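Q: Mind looking at a prediction? Sequence and model below.
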Protein chains: 2
Amino acid sequence: MSKKLTSRTEDYSKWYNELVVKADLAENSAVRGCMVIKPYGYAIWEKMQAELDRMFKETGHQNAYFPLFVPKSLFEAEEKNAEGFAKECAIVTHYRLQADPDKPGKLRVDPEAKLEEELIVRPTSEAIIWNTYRNWIQSYRDLPILINQWANVVRWEMRTRLFLRTAEFLWQEGHTAHETKAEAMAEAKLMNNVYATFAENFMAMPVIQGVKTESERFAGAEETFCIEALMQDGKALQAGTSHFLGQNFAKAFDVKFANKEGKQDYVWATSWGVSTRLMGALIMTHSDDFGLVLPPSLAPNQVVIVPIYKNEEDFEAISEIANKIASELKVKGISVKYDSRDTQRPGAKFAQHELQGVPLRIAIGPKDLENGTVEIARRDILTKEIVSLDNLTATVENLLIEMQKGLFDKALTFRDDHITEVNSFEEFKSVIENKGGFISAHWDGTKETEDKIKELTKATIRCIPLEINQEEGVCVFTGKPSKHRVLFAKAY
Amino acid sequence: MSKKLTSRTEDYSKWYNELVVKADLAENSAVRGCMVIKPYGYAIWEKMQAELDRMFKETGHQNAYFPLFVPKSLFEAEEKNAEGFAKECAIVTHYRLQADPDKPGKLRVDPEAKLEEELIVRPTSEAIIWNTYRNWIQSYRDLPILINQWANVVRWEMRTRLFLRTAEFLWQEGHTAHETKAEAMAEAKLMNNVYATFAENFMAMPVIQGVKTESERFAGAEETFCIEALMQDGKALQAGTSHFLGQNFAKAFDVKFANKEGKQDYVWATSWGVSTRLMGALIMTHSDDFGLVLPPSLAPNQVVIVPIYKNEEDFEAISEIANKIASELKVKGISVKYDSRDTQRPGAKFAQHELQGVPLRIAIGPKDLENGTVEIARRDILTKEIVSLDNLTATVENLLIEMQKGLFDKALTFRDDHITEVNSFEEFKSVIENKGGFISAHWDGTKETEDKIKELTKATIRCIPLEINQEEGVCVFTGKPSKHRVLFAKAY
Ligand SMILES: [Zn+2]
Ligand SMILES: [Zn+2]
């Protein structure tokens, strides 16, 4: 298998698909729309999980686990939510297989083993969780409930792409219950802010925080907060959402509590989630035509050391130095791998580590042995330099910090260069066609206009940014009055 | 809700069920046989996961993720495995709901949305994984593959009990691929040993390592290694299994490789798993009539500090000391919670922490303020003593080590007292009826005898221990010759 990727300018979508497979991140499986997350891809996801989990716990949340299945009668209880997911859910109808009398050695569904009530494989867990919370909540003393779940969910999407849209995906879903509207609203905003902080500080991916318009809201939510990122091809990607659910689920599942005044009231709710989709966002934010580019905080191996030698004697001398470097780096919490495989040549190793986005590659050859040096190659800007063994640990530490910041700054510059203010629909269409990115434009606030613009340009309102300038204007499409701009884009 | 538990002697099974619910570990859900793992229970499971994950990685394994669903044609490929699980699997047959024309506001399965091929919700993942490995393995250079997956699985059991036997449960499943039979066999033994080490050192639960007889083997395995523990009611519990799968799955999924001599050969396999069943084993090994008893390594909070005060002034003075103690303990890696809730009296807090198995409780009252002391209560042996604030951190550290060891020793003594050698079937029946525990007896090696003994006594062969004494003898049931004893017990 050739390791050379299609270039981004040639075919961005093909570049992405090839990169995911060739960098050993994920692949399609025998199950339509479901992916296999390979060890290298999963190691990156584990780093995301660990950091998010830490942030959730730091903000007072606990993990728990709720059933994979939702009985149909619970699934349909919150009407809008049910409507939103009904068309794409996997349904368990039977609980037993039997020998197929017509085909020796084959099995068939046992018609006698039909469930009385069908079970939906959770596309999201509000229904099963709020049905459970009913028994946990009697009084304001039982509130707030601040729970998160790491789980797999299934949405039977017709068109799937590795990480970006898969029938089964991994995610976390927070589900919280509160005494007051204000408290629930604050929680929804807090968690959206946790996502933004994670995306920017950890993934080096700049995001815009905003709220969704009614037509882009989560089914069953009263307000959906989101973080929106911009990919290198000028398309936006919704990287996380946090929903203020009002009392909708409490009413659907009859979850009331005695408040401090002793009166019964419905509980206020939020839910919030990010998924393995973040892997797609990560790839499309930083990577290049040579393969994956990883911010150091997410790299399974931040440093790889490759020995270059012609004889066993050199190999031993180099290995001694390599192991010393490795253990010094490990003391500083830097993950490092000494790639001493004798089944691969240095060139092949370089290519693999480049393709897999290892931030720093240290090569040590016979000349370095003489001079007390090593060669350091940066994956982000593809530079190489010879540096002294003295202070190598500090050099590496500083480079990793510089790279983490550099990747964010580069992505931020790109993103900011691709937010275009437009004041006419002609301009709108031209920017969408030719430049891409976010379009900041006035909108009259109606669903009709939103739909019409989408129909004509494929651009949707990604969000109404939280940081907004009040500015009188007229809708770019209808000319009706508008009080502020919103952000449009084509999106993943 | 009263917190008082049914005692173990009164009704062991009821004691267990009540403890699980009242200690906030888990509860039944609206889905038949599926449980909700509550935050406190999940926090213990997370500790198990973290330690096991560390041990797997230390032995060279990586995590990955494979699909939840197995297409029926793959499921049935390895015949014995399929046969073993066919009678208890959840089957997805449809992928869409629609409005029910007969019942306004309700949904029904859309008959148009029937899958061409049914999908089995994984009861175990050998089939989907070996179908994937086929594409990953061409040559001996691609081996070994050492992968683990943390996942949920579903087995449609008819009689379920929280943690011990649930329709959906959480587990890890290792799936490895090897060049040689010897290497695969060594891996299967290694992982069984990892499980034994984990059970004994971390869960303070003594186990016997052994192999299963043919009738108790995993469906599709050629040899099943296991760790068997003994519960306080004298019943055995299989706490983990590790399977040598031979070339069965490689043959079923046509997974061949070019060996070092360039010849094609089928790949050798292992799989191994432990599940949330370990939570049940943990509870039934250490807990008492007052509730959960946790070994310190698995306690979400190893220490809880409870203030006892009559006025705000005392509360502030106590809080100052409590916070100082807490931060000193945290520096030493000890998890500690200052329970300063003003909604509960000290007595209620004591009862809760006792029920939830917090290893050490530190109470601080006005008298302690005067004397520079605190009261420490041990959950394991229910003792209390007044100790000086001087060296409190060292005192706590030593107590936790002592408790971890003490719980293991106590369980070991109980277990060893309940391994009874018997030499006649009369004795066998009497021990099973009156004493319980493991019975060490000669067996003639046939399935017929095994089945007959099970029918007459409900005892099964738990394992043929790895550490075995060669000893000539005669089968306790048939009088036929036997070369060593095996272990029988009634089991969970
Ligand atoms: Zn551009
Ligand atoms: Zn006894």
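A: Okay, I see it. Ligands and ions are numbered 1, 2, ... in the order given.
Q: quick check: domain ranges of chain A?
A: A:12-90+A:122-286, A:301-399, A:419-489 (automatic domain parsing).
Q: So what's the gap between the longest one and the chain middle?
A: Between the centre of domain A:12-90+A:122-286 and the centre of its host chain there is 10 Å, according to C-alpha atoms, centre = their mean, to the nearest Å.
Q: Quick one: mean pLDDT for that domain?
A: Taken as a whole, domain A:12-90+A:122-286 has an average pLDDT of 97.
Q: That one: end-to-end distance?
A: 13 Å (C-alpha to C-alpha, to the nearest Å).
Q: go on, the second one?
A: In domain A:301-399, first residue to last residue: 14 Å (C-alpha to C-alpha).
Q: Repeat that for stretch A:326-339.
A: Across stretch A:326-339, the terminal residues are separated by 11 Å (C-alpha to C-alpha).
Q: now swap in stretch A:256-266 and tell me
A: Stretch A:256-266 has its terminal residues 4 Å apart, counting by C-alpha to C-alpha.
Q: next one: stretch A:21-37
A: End-to-end for stretch A:21-37, by C-alpha to C-alpha: 10 Å.
Q: And for stretch A:83-100?
A: The first-to-last residue distance of stretch A:83-100 comes to 37 Å (C-alpha to C-alpha).
Q: Show me what counts as buried in that stretch.
A: A:84-86, A:88-97, A:99 (16 or more other C-beta atoms under 10 Å in any protein chain shown). For every residue, glycine as well, the C-beta is placed using N, CA and C.
Q: Skip ahead from the longest helix seen in chain A and say which helix or strand is next.
A: If you go by DSSP state H, chain A has its longest helix at helix A:392-417. Of the helices and strands lying after helix A:392-417 in sequence (DSSP states H and E), the nearest is strand A:419-421.
Q: Partner strands of that next one, with direction?
A: Sheet pairing of strand A:419-421 (DSSP bridges) gives strand A:438-442 (parallel).
Q: Dump the strand it pairs with to PDB, restricted to CA.
A: Extracted in PDB, the C-alpha atoms of strand A:438-442 (Å, rounded to 0.1, in the frame of the first residue of the first chain):
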ATOM      1  CA  PHE A 438     -17.900  31.800   7.900                       C
ATOM      2  CA  ILE A 439     -20.100  34.600   6.500                       C
ATOM      3  CA  SER A 440     -21.200  37.300   9.000                       C
ATOM      4  CA  ALA A 441     -24.400  38.700   7.700                       C
ATOM      5  CA  HIS A 442     -27.700  40.300   8.900                       C
END
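Q: so does stretch A:274-284 get close to chain B?
A: No - Stretch A:274-284 is not in contact with chain B by C-beta under 8 Å from any C-beta of the partner chain; minimum separation 8.6 Å.
Q: Could you export that stretch as PDB, CA atoms only?
A: Extracted in PDB, the C-alpha atoms of stretch A:274-284 (Å, rounded to 0.1, in the frame of the first residue of the first chain):
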ATOM      1  CA  VAL A 274     -19.100  15.700  22.400                       C
ATOM      2  CA  SER A 275     -18.300  12.600  20.400                       C
ATOM      3  CA  THR A 276     -15.600  10.800  18.300                       C
ATOM      4  CA  ARG A 277     -16.600  13.500  15.700                       C
ATOM      5  CA  LEU A 278     -13.900  15.500  17.400                       C
ATOM      6  CA  MET A 279     -11.400  13.200  15.800                       C
ATOM      7  CA  GLY A 280     -12.600  14.400  12.400                       C
ATOM      8  CA  ALA A 281     -12.400  18.000  13.600                       C
ATOM      9  CA  LEU A 282      -8.800  17.500  14.900                       C
ATOM     10  CA  ILE A 283      -7.700  15.900  11.600                       C
ATOM     11  CA  MET A 284      -9.200  18.600   9.400                       C
END
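Q: which outside residues touch it?
A: A:16, A:19-20, A:25-26, A:37, A:41, A:44-45, A:48, A:52, A:161-166, A:169-172, A:195, A:198-199, A:203, A:205, A:229, A:231-233, A:237, A:239-240, A:292, A:294, A:298, A:492 (C-beta atoms under 8 Å, 6 or more residues apart in numbering or on different chains).
Q: Report the buried members of those residues.
A: For the contacts of stretch A:274-284, buried by 16+ other C-beta under 10 Å: A:16, A:19-20, A:25-26, A:37, A:41, A:44-45, A:48, A:52, A:161-166, A:169-172, A:195, A:198-199, A:203, A:205, A:229, A:231-233, A:237, A:239-240, A:292, A:294, A:298, A:492.
Q: out of the residues you listed, which touch chain B?
A: Among the buried ones among the contacts of stretch A:274-284, chain B is touched by A:37, A:170 when using C-beta under 8 Å from any C-beta.
Q: Just the ones in helices from the buried ones among the contacts of stretch A:274-284, please.
A: If you go by DSSP H, those have A:16, A:19, A:20, A:41, A:44, A:45, A:48, A:52, A:195 in helices.
Q: Tell me the one of these nearest residue B:385?
A: Checking these against residue B:385 by C-beta to C-beta gives residue A:52 as the nearest, at 42.3 Å.
Q: In this structure residue A:48 contacts residue A:299, no?
A: No - between residue A:48 and residue A:299 there is no contact under C-beta atoms under 8 Å: 11.9 Å.
Q: Show me the buried ones among the contacts of stretch A:274-284 that map onto strands.
A: Judged by DSSP state E, strands contain the following of the buried ones among the contacts of stretch A:274-284: A:26, A:37, A:169, A:170, A:171, A:172, A:229, A:237, A:239, A:240.
Q: Among these, which pair sits farthest apart?
A: A:37 and A:229 (20.7 Å).
Q: how about the nearest residue to residue A:384 once chain neighbours are set aside, phi and psi?
A: With C-beta to C-beta, 6 or more residues apart in numbering or on different chains as the criterion, residue A:384 has its nearest non-adjacent residue at 4.5 Å, and that residue is residue A:377. Residue A:377 adopts backbone torsions of phi -110, psi 130, taken as degrees, to the nearest 10.
Q: count of neighbours near residue A:377?
A: The burial count assigned to residue A:377 is 20, neighbours taken as other C-beta atoms under 10 Å in any protein chain shown.
Q: give me the beta-bridge partners of it?
A: Beta bridges link residue A:377 to residue A:361, residue A:384, judged by DSSP bridges.
Q: what's near enough to touch it?
A: Contacts of residue A:377 by C-beta under 8 Å, 6+ apart are A:350, A:360, A:361, A:362, A:363, A:383, A:384.
Q: what do you get for residue A:42?
A: Here residue A:42 is in contact with B:62, B:63, B:64, B:65 (C-beta under 8 Å, 6+ apart).
Q: any chance you could map the strands in the stretch 1-150 of chain A?
A: Assigned by DSSP state E, counting those that start in this stretch, the stretch 1-150 of chain A shows strands spanning A:26-28, A:35-37, A:62-63, A:69-71, A:91-94, A:97-99, A:107-109, A:114-121, A:145-154.
Q: same deal with the stretch 251-400 of chain A?
A: When assigned using DSSP E, counting those that start in this stretch, the strands of the stretch 251-400 of chain A occupy the ranges A:256-258, A:264-266, A:268-275, A:303-307, A:336-338, A:360-364, A:373-378, A:384-388.
Q: Including distance to residue A:459, could those strands go into JSON lines?
A: Listed next are those as JSON lines, based on distance: least, C-beta to C-beta, whole Å:
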{"stretch": "strand A:256-258", "distance to residue A:459": "43"}
{"stretch": "strand A:264-266", "distance to residue A:459": "38"}
{"stretch": "strand A:268-275", "distance to residue A:459": "24"}
{"stretch": "strand A:303-307", "distance to residue A:459": "42"}
{"stretch": "strand A:336-338", "distance to residue A:459": "44"}
{"stretch": "strand A:360-364", "distance to residue A:459": "39"}
{"stretch": "strand A:373-378", "distance to residue A:459": "36"}
{"stretch": "strand A:384-388", "distance to residue A:459": "42"}
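Q: wait, which of those strands is closest to residue B:116?
A: Nearest of the strands of the stretch 251-400 of chain A (C-beta to C-beta): strand A:268-275, 27.3 Å.
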